[in-house]
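[1] Sequence and predicted model, in that order:
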Amino acid sequence: MIEAATPPEQSLHALYRDHRSWLESWLRQRMGNAWDAADLSQDTFLRVLTSSQQLVDLREPRAYLVTVGKRLLSNFYTRRKLEQAYLDALASLPEDSVPSPEQRWVLLETLQALDELLDGLPPLVRRAFLWSQLEGLGYREIAERLDVSERTVKRYMAQAYEHCLLVEL
């Protein structure tokens, strides 16, 4: 016996059926690439599937899909920019120091996770935290670079640590 689909499943199916090609076209116009647009379209519907939004009550489905799609598009370009910066850094290394493709993948994934973890921090807080953690700078050196007091740097660091702890929970 086949069970009937539940209303949320029917709603998702209808949303996908009615708006997938439109969303994909919208993304393709912004990206100029049909393959990436198709991937982001699928990612958008996966996000919708895992969200807590009640699809039954969705009044403006295209506006909702565009909002989710814009966020994913922003993440896509952020990741691409991060990957390009990494590849540029790799190009400047001596040939015997270049990591293997597997190591590159792990490093890129780690950079992406770090970027996502620090997302939402004000730029100065983020910069102070990264200088401290990645370059090993002390608070005095960070304060000089940012042209702020050491006390401000301490507040920035406390804010960054609190952000990281809350994200991890």
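    Looks like it came in fine.

[2] list the buried ones in stretch 104-124?
    For stretch 104-124, the neighbour count (16 or more other CB atoms under 10 Å) marks 112, 118, 121, 124 as buried. C-beta: built from backbone N, CA, C; applies to glycine.

[3] so where does the first one fall, helix or strand?
    Which is residue 112. Assigned by DSSP states H and E, residue 112 belongs to helix 101-118.

[4] Contacts for that helix next, please.
    If you take CB atoms under 8 Å, 6 or more residues apart in numbering as the criterion, helix 101-118 is touched by 78-79, 82-83, 86, 90, 99, 126, 129-130, 160, 163-164, 167.

[5] Please apply the same query to stretch 20-30.
    The contact list for stretch 20-30 (CB under 8 Å, 6+ apart) reads 34, 36-38, 40-41, 44-45, 62, 65-66, 69, 73.

[6] Distance to residue 146 and neighbour count added to those, as TSV?
    Shown next, in TSV, are those (distance: CB to CB, whole Å; neighbours: other CB atoms under 10 Å):
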residue	distance to residue 146	neighbour count
34	44	12
36	36	16
37	40	21
38	43	15
40	36	24
41	41	24
44	38	26
45	42	19
62	43	15
65	40	24
66	37	18
69	36	25
73	31	20
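
[7] If we only consider those, which is nearest to residue 138?
    Nearest to residue 138 among those: residue 73, at 38.7 Å, using CB to CB.

[8] and that closest one, how far is that from residue 91?
    Distance of residue 73 to residue 91, given as CB to CB, to the nearest Å: 27 Å.

[9] For residue 4, give me the pLDDT.
    Looking at residue 4, its pLDDT stands at 50.
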